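> Everything below, folded, please.
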Amino acid sequence: MNEKHRCGWCVGDPLYEAYHDEEWGVPVYDDATLFEFLILETFQAGLSWITILRKRENFRKAFDNFDYKKIASYEQSKIDSLLEDAGIIRNKLKVKATVTNAQAFMDIQDEFGSFSKYIWSFVKDTPIKNKIKDYKEAPATTPISDTLSKDLKKRGFKFVGSTVIYAHMQATGMVNDHEVNCFRYNQV
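Residues are numbered from 1 along each chain as shown. Reported below is the predicted structural model:
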């Protein structure tokens, strides 16, 4: 039996454990993946992450594989069909925010060359490695997530409060909030 120590938040659910072991906290520099996580985190606001993970493939199908160029040009008929899709979170404001965020995402790409260059500049292009003993000690927000959230809002993004942005930073490896005794802590 494999007795790897994992962060306490994921233990006991195979989907959660796989996400933790393979994705969470791994630095992401690819714009398409950064956008996917941004959208998933947006929909997660007010819900549990496991709820979103369980619907991830449905989101992927519904939102054209998270193709921000397609999403940015969604018309009302597509938005209406998304609001009828029981496989995703049917929140009108979040669905509309996804379209708005795709447009703002491309504006950032135009300005900075890539969304990755923009977002990673907030941590000086280097992951922040925290020393968390218990996942419950991890902050919900930080001064960096506050600043990034404000800047994204100023650029037209929706549902990007500091808590959502900090979760995005954790998921995409901008911060390493694995517990120090987690087998992934030194791997990411």
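> residue contacts, Ser121?
Contacts for Ser121 (Cβ atoms under 8 Å, 6 or more residues apart in numbering) come out as Phe112. C-betas here are computed from N, CA, C, even on glycine.
> likewise Ser162?
Going by Cβ under 8 Å, 6+ apart, Ser162 touches Ala140, Thr141, Thr142, Ser145, Asp146, Leu148, Ser149.
> Could you identify the most distant pair in the residues you listed?
Across these, the longest distance by Cβ to Cβ is 14.1 Å; it joins Ala140 and Leu148.
> So which bits of stretch 23-34 are buried?
Using 16 or more other Cβ atoms under 10 Å as the burial criterion, the residues of stretch 23-34 that qualify are Glu23, Trp24, Gly25, Val26, Val28, Asp31, Thr33, Leu34.
> For those, please prepare CSV with the additional fields distance to Tyr185.
CSV is the format used below for the buried residues of stretch 23-34 (distance: Cβ to Cβ, whole Å):
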residue, distance to Tyr185
Glu23, 15
Trp24, 12
Gly25, 9
Val26, 12
Val28, 18
Asp31, 27
Thr33, 22
Leu34, 22
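> can you map out the strands along this protein?
128-129, 175-176 (DSSP state E).
> mind listing what the first one pairs with, with the direction of each?
It stands for strand 128-129. The strands beside strand 128-129 in its sheet (DSSP bridges) come out as strand 175-176 (parallel).
> neighbouring contacts of the partner strand?
Identification of contacts with strand 175-176 by Cβ under 8 Å, 6+ apart yields Gly25, Val123, Pro127, Ile128, Lys129, Asn130, Thr142, Tyr166, Met169, Tyr185, Val188.
> Filter those down to just the buried residues.
Buried, going by 16+ other Cβ under 10 Å: Gly25, Val123, Pro127, Asn130, Thr142, Tyr166, Met169, Tyr185, out of the contacts of strand 175-176.
> I'd like to know which of those residues are part of helices.
Residues of the buried ones among the contacts of strand 175-176 located in helices (DSSP state H): Tyr166, Met169.
> Would you check how far apart the nearest residue to His20 once chain neighbours are set aside and Ala167 are?
Take His20 and drop its neighbours on the chain: the residue closest to it by Cβ to Cβ, 6 or more residues apart in numbering is Cys10, 3.9 Å away. Separation of Cys10 from Ala167 (Cβ to Cβ, to the nearest Å): 14 Å.
> before we move on, what about Thr51?
Shown here: Thr51 relative to Ala167, a distance of 13 Å by Cβ to Cβ.
> between these two, who's got more neighbours?
Applying other Cβ atoms under 10 Å to Thr51 and Ala167 shows that Ala167 carries more neighbours, namely 22 against 11.
> got the contact list for that one?
Neighbouring residues of Ala167 by Cβ under 8 Å, 6+ apart: Glu41, Gln44, Trp49.
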